[in-house]
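Colleague: what's the 3D shape of this:
(one chain, ligands or ions: 1)
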Amino acid sequence: MKPLSKKVAAIVPSATIEISNRAKKMQREGIDVISLSIGEPDFDTPKHIRDACIDALNRGETHYAPSNGIPELLSAISEKITGENNFSCKPDQVIVACGAKDAIYEGMEAVLNPGDEVLLLTPAWVSYEPCVQMAGGKIVKHAVNQKTFQLDDSLLERVTTSTKMIVVNSPSNPSGAVFDKKSMNLIADLCQDHDLYAMSDEIYEKLVYGKGHISLASIGDMAHRTITINGFSKAYAMTGWRLGYAVAPKEIINEMSKVQQHSVSQATTFAMWGAVAALKGDQHCVEEMRAEFDRRRIYIMKELSRMGYETAPADGAFYAFVKVEGDDMAIASRWLEKGHVAATPGSAFDAPGWIRLSYAASMDRLREAMERIRDVGGN
Ligand SMILES: Cc1ncc(COP(=O)(O)O)c(C=O)c1O
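Modeller: This next block holds a predicted model:
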């Protein structure tokens with residue numbers, strides 16, 4: 001047989017998979033594993049959103065829809081962005097995709113040529129690099145300051161004549177850190193001085209605890225060069241709905257649209273009606289979930305500090321990022337094998353020496369997990 005694609009062969013499977021497969025195997029064997037390795041809210045999608053989707057199904061919204069999304073959703077997103085994110089957005093600057101992940105992939109395909117360099121700020125979520133690779137680009141990594149989790153001028157040293165784009169994710173998965181105004185301005189200046197595109201993944205924007213969220217596209221001329229990524233998975237607990245979106249200049253959206261038309265066609269029609277209800281409906285549900293995450297965050301950070309762990313500033317998302325002494329893979333293995341707590345080693349995110357704990361679990365489970373980690377230790 002002729003060999004399969006070299007491009008896909010070069011993509012390494014996520015390092016998170018090994019631990020999570022082992023955790024699942026242990027659970028199948030009847031072991032009570034507490035999973036703090038999951039990147040999804042433990043809440044159900046709010047009822048009014050589910051009802052809107054069911055209504056849509058019952059009135060026959062089961063057919064193909066416009067590829068970029070139903071007009072009602074495109075308008076709702078453009079109103080949300082213009083009203084909340086401090087930059088102007090028209091409906092033709094929006095594309096609804098099958099999850100933020102799909103929007104990220106389409107954005108990379110739309111912008112990159114083979115050999116274009118993409119700056120990735122690490123620690124970074126696992127899917128940016130494969131998306132860049134699939135689009136033919138080359139990743140150049142830059143580690144944020146591992147005390148403050150902010151940026152400084154050393155970022156400028158990574159720029160070459162081939163740099164085309166920078167990927168920004170604030171609030172961050174995995175660190176939970178939120179970039180302050182200084183870091184965001186530094187990125188904006190870099191993009192303006194070197195004529196770069198930016199992809200700003202703001203999927204955790206609603207989950208911030210004190211520090212305000214800043215949209216990159218709201219700074220200077222950034223709206224003309226930024227693909228803002230967002231979605232419904234985290235803010236509205238809609239992970240399985242597979243709905244996300246990108247907001248960008250129309251020329252970029254048109255290119256993304258071609259990728260979408262010839263691959264997934266569109267996001268699911270009736271699911272998009274649920275998303276309209278999410279954006280147009282009462283936002284109390286978002287605040288309730290955020291407040292519950294905050295309660296757990298305060299608890300888990302206090303416990304980790306009591307155990308002597310250093311952590312990244314947990315200002316956003318639902319992750320505690322914990323510094324460990326020694327091999328993070330080995331320590332995460334010990335927590336799993338001996339403590340029956342599944343956590344994600346930082347190496348998966350280009351941050352060896354750290355472990356990510358998701359606090360998207362009930363308080364009872366978090367309490368139990370903290371006890372188990374205390375018992376098996378790590379540092
Ligand atoms: C930073 C970040 N971006 C994007 C996604 C993907 O979100 P979606 O479920 O909308 O594809 C995730 C999911 O874990 C994420 O953590």
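Colleague: make it CA atoms for all contacts and neighbour counts henceforth
Modeller: Noted.
Colleague: For the helix ranked longest in the chain, C-alpha coordinates in PDB please.
Modeller: Ordering each helix of the chain by length in residues (DSSP state H) puts helix 284-306 first. Provided in PDB are the C-alpha atoms of helix 284-306 (Å, rounded to 0.1, in the frame of the first residue of the first chain):
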ATOM      1  CA  HIS A 284     -28.500  34.900  34.700                       C
ATOM      2  CA  CYS A 285     -27.600  31.300  33.900                       C
ATOM      3  CA  VAL A 286     -24.200  32.400  32.800                       C
ATOM      4  CA  GLU A 287     -23.600  34.400  36.000                       C
ATOM      5  CA  GLU A 288     -24.900  31.500  38.100                       C
ATOM      6  CA  MET A 289     -22.400  29.100  36.600                       C
ATOM      7  CA  ARG A 290     -19.600  31.600  36.900                       C
ATOM      8  CA  ALA A 291     -20.400  32.200  40.500                       C
ATOM      9  CA  GLU A 292     -20.300  28.500  41.200                       C
ATOM     10  CA  PHE A 293     -17.000  28.100  39.400                       C
ATOM     11  CA  ASP A 294     -15.700  31.000  41.500                       C
ATOM     12  CA  ARG A 295     -16.700  29.300  44.700                       C
ATOM     13  CA  ARG A 296     -14.900  26.100  43.700                       C
ATOM     14  CA  ARG A 297     -11.900  28.100  42.500                       C
ATOM     15  CA  ILE A 298     -11.500  29.900  45.800                       C
ATOM     16  CA  TYR A 299     -11.700  26.600  47.600                       C
ATOM     17  CA  ILE A 300      -9.200  24.700  45.400                       C
ATOM     18  CA  MET A 301      -6.700  27.500  45.400                       C
ATOM     19  CA  LYS A 302      -6.800  27.800  49.100                       C
ATOM     20  CA  GLU A 303      -6.300  24.000  49.500                       C
ATOM     21  CA  LEU A 304      -3.400  23.900  47.000                       C
ATOM     22  CA  SER A 305      -1.700  26.800  48.700                       C
ATOM     23  CA  ARG A 306      -2.100  25.100  52.100                       C
END
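Colleague: Quick check: what element follows it along the chain?
Modeller: Next along the chain after helix 284-306, taking DSSP states H and E as the criterion, comes strand 319-323.
Colleague: Now for Leu366: which residues touch it?
Modeller: 296, 300, 359 (C-alpha atoms under 8 Å, 6 or more residues apart in numbering).
Colleague: ditto for Leu57
Modeller: Phe270.
Colleague: Does Ser88 belong to a helix, a strand or coil?
Modeller: For Ser88, the assignment made with DSSP: H, G, I helix; E, B strand; the rest coil gives coil.
Colleague: how much space between the nearest residue to it once chain neighbours are set aside and Glu72?
Modeller: Counting by C-alpha to C-alpha, 6 or more residues apart in numbering, Thr82 is the residue found nearest to Ser88 once chain neighbours are left out, at 4.7 Å. For Thr82, the distance to Glu72 equals 15 Å [C-alpha to C-alpha, to the nearest Å].
Colleague: can you check Ile219 too?
Modeller: Distance, Ile219 to Glu72, by C-alpha to C-alpha: 28 Å.
Colleague: Looking at those two now, which is surrounded by more residues?
Modeller: Ile219 (17 against 13; other C-alpha atoms under 10 Å).
Colleague: Okay, and the residue nearest to the more buried one when sequence neighbours are not counted sits in which element?
Modeller: Leaving aside its sequence neighbours, Ile219 sits nearest to Ala188 (C-alpha to C-alpha, 6+ apart; 6.8 Å). If you go by DSSP H and E, Ala188 is part of helix 181-194.
Colleague: Which is the succeeding secondary structure element to that helix?
Modeller: Next along the chain after helix 181-194, taking DSSP H and E as the criterion, comes strand 197-201.
Colleague: Taking helix 181-194 as reference, get the angle to that following strand.
Modeller: 150 degrees (axes from the mean of the first three to the mean of the last three C-alpha atoms, to 10 degrees).
Colleague: Would you list the strands that the following helix or strand past strand 197-201 pairs with, along with their directions?
Modeller: Next along the chain after strand 197-201, taking DSSP H and E as the criterion, comes strand 226-231. Strand pairing for strand 226-231, determined by DSSP bridges: strand 197-201 (parallel), strand 244-247 (antiparallel).
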